[in-house]
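Novice: return a 3D structure for these sequence lines:
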Amino acid sequence: MPELVLWDIDHTLMATRGLGGELWGQAFEQVTGVELREQADVTGSTERVILRETARLHDIAYDEGLFTRFAEALGTLHMRRAAELRERGHALPGAAGVLAALQDRGIRQSVVTGNVRKAAEAKLATFGLDSYLRLDEGAYAEDGETRPELLRAALTRAGVDPKSAVFIGDTPADVAGGLETGVRVVAVATGRTAADELRDADEVLADLSETNRVLETLGA
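Specialist: Predicted coordinates:
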């Protein structure tokens with residue numbers, strides 16, 4: 001049985017159905033004064049990397065101050081538009097059931113996400129998933145640029161050895177990051193990546209809808 005289960009958020013636990021991209025564009029314009037024309041590829045990246053590369057596409061100088069302002073703006077927008085997020089987005093089928101079942105078994109859970117923390121917390125709260133997670137033991141865009149960096153930050157905060165943890169995500173970057181860090185990786189084909197492209201994971205699931213199967217896969 002794992003001591004700690006770490007979850008990716010977007011397309012693993014929930015879908016925002018396009019609103020996340022809209023809020024990102026608003027936050028970008030708010031802190032740069034420039035309308036978003038093009039966003040850097042977001043798949044498997046962290047907000048820090050996406051912002052830096054998107055700023056470059058718009059000939060805007062990037063520094064930590066810009067990221068800090070952007071993170072605050074993006075988090076605030078998610079909080080202000082929580083009602084719309086609830087209407088347009090949704091927790092993915094089975095997500096709440098698996099989180100609840102793991103909690104019932106006494107297994108600690110947190111998140112490893114490329115989202116900035118304030119936005120991550122707002123999204124999880126909107127869909128009623130936050131109560132199952134020890135968010136102070138998670139890792140967010142503020143903690144690094146790559147999945148291995150974020151995973152190591154979360155493991156350190158939780159005080160858990162990589163071999164005692166499982167990471168669940170939906171992208172090849174999640175899989176590669178987990179394997180590099182030494183955690184067991186369970187991939188879910190609930191995002192933009194087909195199951196075949198996730199085959200390097202220790203296990204691949206179509207989704208989280210069958211709670212008992214997910215628990216068996218996690219060794220819980």
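
Novice: C-alpha from now on. contacts and neighbour counts both.
Specialist: OK.

Novice: where in this structure is pLDDT low?
Specialist: By pLDDT under 70, the low-scoring segments of the chain are 42.

Novice: please enumerate the helices of the chain.
Specialist: Along the chain, counting by DSSP state H, helices occupy 19-32, 47-57, 64-80, 82-88, 95-104, 117-126, 147-158, 172-181, 211-218.

Novice: just send the ones you listed back as JSON lines, with mean neighbour count and distance to residue 165 too.
Specialist: Formatted as JSON lines, the entries for the helices of the chain read as follows, by neighbours: other Cα atoms under 10 Å; distance: least, Cα to Cα, whole Å:
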{"stretch": "helix 19-32", "mean neighbour count": "18", "distance to residue 165": "29"}
{"stretch": "helix 47-57", "mean neighbour count": "19", "distance to residue 165": "24"}
{"stretch": "helix 64-80", "mean neighbour count": "18", "distance to residue 165": "28"}
{"stretch": "helix 82-88", "mean neighbour count": "15", "distance to residue 165": "30"}
{"stretch": "helix 95-104", "mean neighbour count": "18", "distance to residue 165": "13"}
{"stretch": "helix 117-126", "mean neighbour count": "21", "distance to residue 165": "21"}
{"stretch": "helix 147-158", "mean neighbour count": "21", "distance to residue 165": "8"}
{"stretch": "helix 172-181", "mean neighbour count": "20", "distance to residue 165": "10"}
{"stretch": "helix 211-218", "mean neighbour count": "16", "distance to residue 165": "10"}
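
Novice: now residue 72: closest residue in space, sequence neighbours ignored.
Specialist: Using Cα to Cα, 6 or more residues apart in numbering and skipping the chain neighbours, the partner closest in space to residue 72 is residue 118 (7.4 Å).

Novice: can you list the domains in the chain?
Specialist: 4-16+90-218, 19-86 (automatic domain parsing).

Novice: so who does the residue nearest to residue 72 touch?
Specialist: Taking Cα atoms under 8 Å, 6 or more residues apart in numbering as the definition of contact, the neighbours of residue 118 are 71, 72, 74, 75, 76.

Novice: and residue 124, by the same measure?
Specialist: For residue 124, the contact set (Cα under 8 Å, 6+ apart) comprises residue 130.

Novice: just residue 115 next, same as before
Specialist: Neighbour list for residue 115: 46, 47, 140, 141 [criterion: Cα under 8 Å, 6+ apart].

Novice: and which of the residues you listed is nearest to residue 105?
Specialist: The shortest approach to residue 105 among these belongs to residue 140, at 25.6 Å (Cα to Cα).

Novice: the closest one: neighbouring residues, count only.
Specialist: Neighbour count for residue 140, taken as other Cα atoms under 10 Å: 27.

Novice: does it really touch residue 110, like I thought?
Specialist: No. Using Cα atoms under 8 Å, residue 140 makes no contact with residue 110, being 10.8 Å away.

Novice: what residues does stretch 158-173 touch?
Specialist: Residues contacting stretch 158-173 (Cα under 8 Å, 6+ apart): 2-9, 11-12, 43-45, 137-138, 147, 155, 174-175, 178, 181-193, 197-198, 218.

Novice: now the end-to-end length of it.
Specialist: In terms of Cα to Cα, to the nearest Å, the two terminal residues of stretch 158-173 are separated by 22 Å.

Novice: what's around the residue lying closest to residue 3 once chain neighbours are set aside, how many residues?
Specialist: If the residues on either side of it in the chain are set aside, residue 3 comes closest to residue 164, at 5.4 Å by Cα to Cα, 6+ apart. Other residues near residue 164 number 15, with proximity taken as other Cα under 10 Å.

Novice: no further queries at this time; thank you.
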